[in-house]
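K.L.:
The sequence and its predicted three-dimensional model are supplied below.
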Amino acid sequence: MNPSKQTLGWMYQTMVTSRIFETTIEKIYMEGKSPVFNMANGPIPGEMHLSNGQEPVAVGVCAHLGPEDIVTATHRPHHQAIAKGVDLDRMTAEIFGKATGLSGGRGGHMHLFDPAVNFACAGIIAQGMGPAVGAALSRKMQNKPGVAIAFIGEGAANQGAFHEAMNLAAVWKLPMICVIEDNAWGISVAKAAATSVTRNDVRAAAYGIPGHYVAGNDPWKIYEVAGQAIARARAGDGPTLIEVETYRLAGHFMGDAEGYRPKGEKDGLFAKDPIPAMRKRLEADGTFTAAELDAMQAIADATVQAAIRFARDSAEPRPEDALTAVFA
C-alpha cells in the first residue's frame, strides 16, 4: 500500500505545519519566563509538551481517517490534532487560554477537544484507551462507520488501563487500533528500565490480535501498516496493536534540562530528523520538486502565523463564565 502523490503532499505539508506550529509556540511560551523560568508566567502558562520529531506517526495514521473516525491522544497532542484536522485557529486560541478556544480556554494544550472531527486528548497516562474502546463499541452497536485510534506513549503500555482496554476491544472485536509512539523515554525513565519486553507489539499475542512494529520513524512504512490495520477494523475483523519507533527531539516538557539523556543522543536524533529526510526522499524520487516543497512550507507557515494572530487578538474569557460548562 503506497501513498499517492496527493497523499504524500498532504503528509509532508502537515508535518511541516506541525513543526512550524511548535517551534513558533515554543518561542511564545518562553515569553516572560526568563531569566528565571516560571511556568505560570507569559501568554501561555502551565506545562507545554512538544511533539517535534514524532510527526510521521500522526500523518501516517491520520492519512487514512475521515471526520467520522475517532482519535484519542496524549499530553503531547499537537501533531495528531493537526493531522486529524482540528481547527488550528481555535486550537491555538485554546492553548493561549482565550475565549475563542475549542473549550473557551478552559482546557489548555493537554485537553484539546474538537467534536467536529472527533478528536480529544488528555494529560493522564493511557486515559484515552477507555474512551477509544467506548467510541469503537458505539460504532459497532449502532452499525455506524468509523474506527477509533488511541495514540499512547510506550510508557502507557505499562498501565492497567492499556491492558483492560485492549482485552475488551479484542473480546468484542471492536474497530479500534492502539498506536504506541515509542520515543524511548517515559518522562526521564528509559524504556528498557521500565518495560519487561523490548517491543510492545509482542503484547498483542496476549489478546489474540495482530501486532506490528514500525522501525525508523518512516512515514511510508507507518502509512502502510496503519492502512492495513484500519482496513481490517473497517471490515469488522477487530483491533490491532501497532508500536512505532519515533524520536522526541525536545524534552519531556518545556524547561526539561534532559540530564537523563546519554551524551550525544540528541545530536544523533537531530541527524535523523524525519522532515528533512522526507523532503530529501520526495525530491530524490521525483515526487515533488524543490519549488513545490518550498511552496508547501510557505503555505504551512502562513497558516500557522494566521492562527497565532487569531489567538493573540482573541478576547480573554469573561470572569462570569468561570462556572459555566462545569458539573455541580
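P.N.:
Thanks, I have it.
K.L.:
Can you tell me how far residue 302 is from residue 139?
P.N.:
36 Å (C-beta to C-beta, to the nearest Å). All C-beta atoms are positioned from the backbone trio N, CA, C, and that covers glycine.
K.L.:
Between the two, which has more neighbouring residues?
P.N.:
Neighbour comparison, residue 302 and residue 139: the larger count goes to residue 139, with 21 against 11 (by other C-beta atoms under 10 Å).
K.L.:
Surely the more buried one is within a helix?
P.N.:
Yes. Under DSSP: H, G, I helix; E, B strand; the rest coil, residue 139 sits within a helix.
K.L.:
quick one: it and residue 145 touch, right?
P.N.:
Yes. Between residue 139 and residue 145 there is a contact under C-beta atoms under 8 Å: 7.1 Å.
K.L.:
How confident is the prediction for the residue positioned nearest the centre of the chain, by pLDDT?
P.N.:
Nearest residue to the geometric centre of the chain (C-alpha atoms, centre = their mean): residue 80, 3.1 Å. Here, the pLDDT recorded for residue 80 equals 98.
K.L.:
List the residues that contact it.
P.N.:
Residues in contact with residue 80 (C-beta atoms under 8 Å, 6 or more residues apart in numbering) are 51, 57-58, 62, 71, 73, 119, 121, 151.
K.L.:
go with 6 Å
P.N.:
58, 73, 151 (C-beta atoms under 6 Å, 6 or more residues apart in numbering).
K.L.:
Please give the element, helix or strand, for it.
P.N.:
Taking DSSP states H and E as the criterion, residue 80 maps to helix 78-84.
K.L.:
chain center to that helix, what's the gap?
P.N.:
How far helix 78-84 lies from its chain's middle: 6 Å, per C-alpha atoms, centre = their mean, to the nearest Å.
K.L.:
what do you get for stretch 316-328?
P.N.:
With C-alpha atoms, centre = their mean, you get 28 Å for stretch 316-328.
K.L.:
model confidence over it, on average?
P.N.:
83.
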